[in-house]
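J.: Return atomic coordinates for the entry below.
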Amino acid sequence: MEIPPKSPDGSEKSPQSKELLTSNTASTLCISSRSESVWTSTSRSKWDIYHKPVIVVSVGAAVFLFGIVITSLSCILVKNKNVYKMCGPAFLSLGLMLLVCGLVWIPIIRKKQKQRQKSQFLQSLKSFFFNH
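T.: Residues are numbered from 1 along each chain as shown. This is a model prediction of the structure:
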C-alpha cells in the first residue's frame, strides 16, 4: 500500500485540494500562454504593437552612433589609440546588427497583423454561416 507524500509543512492535503491545485495551475498556464491575444478581441494601440522593435532600433542607432564617435576618436587622439581602434568597430557592428534586426522586425509584425485580421474576418464569416 502506497502512502501519499506529506507536504513540506507536515500537513496532508485532501484529494479535493489536489484537484483544485491542478485545476488552478492549468488555468494559469492557459492565461499566460502566448495565444492569449487570440481569445481577447480588444484592439491594441500602435505603441503596444510596435514598442519592442522601436526600442531595438533606438538602442541600435545609439550604439551605432557611439561606435562612430569611438572610431573617430582613434583618428584624433594619440593616447589609447589601440583601445579606440578595437572598441569602435565592435560598437559599430553591434549597433548595426540591432538596427537591422529592428528594421526587419517591423514588416514581420505588419504581416502578422494583416494575417490576424484576415483570420478574424474568416472566423466571423464561418460563425455567421454555420450559426444561422
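J.: Which SSE is immediately downstream of the helix or strand of the chain with the lowest mean pLDDT?
T.: Using mean pLDDT, DSSP states H and E, helix 36-39 stands out as the lowest-scoring helix or strand of the chain, at a mean of 46. The helix or strand immediately downstream of helix 36-39 is helix 46-76, counting by DSSP states H and E.
J.: Show me what the longest helix anywhere in the chain is packed up against.
T.: Counting residues, the longest helix found in the chain (DSSP state H) is helix 81-131. Applying 3 or more CB pairs under 8 Å, 6 or more residues apart in numbering; DSSP states H and E, one finds that helix 81-131 contacts helix 46-76. No exception for glycine: its C-beta is placed from N, CA and C like everyone else's.
J.: Please name every helix or strand in contact with the helix it packs on.
T.: Looks like helix 46-76 contacts helix 81-131 (3+ CB pairs under 8 Å, 6+ apart).
J.: relative to helix 46-76, how tilted is the helix it packs on?
T.: Here the directions of helix 81-131 and helix 46-76 differ by 160 degrees (axes from the mean of the first three to the mean of the last three CA atoms, to 10 degrees).
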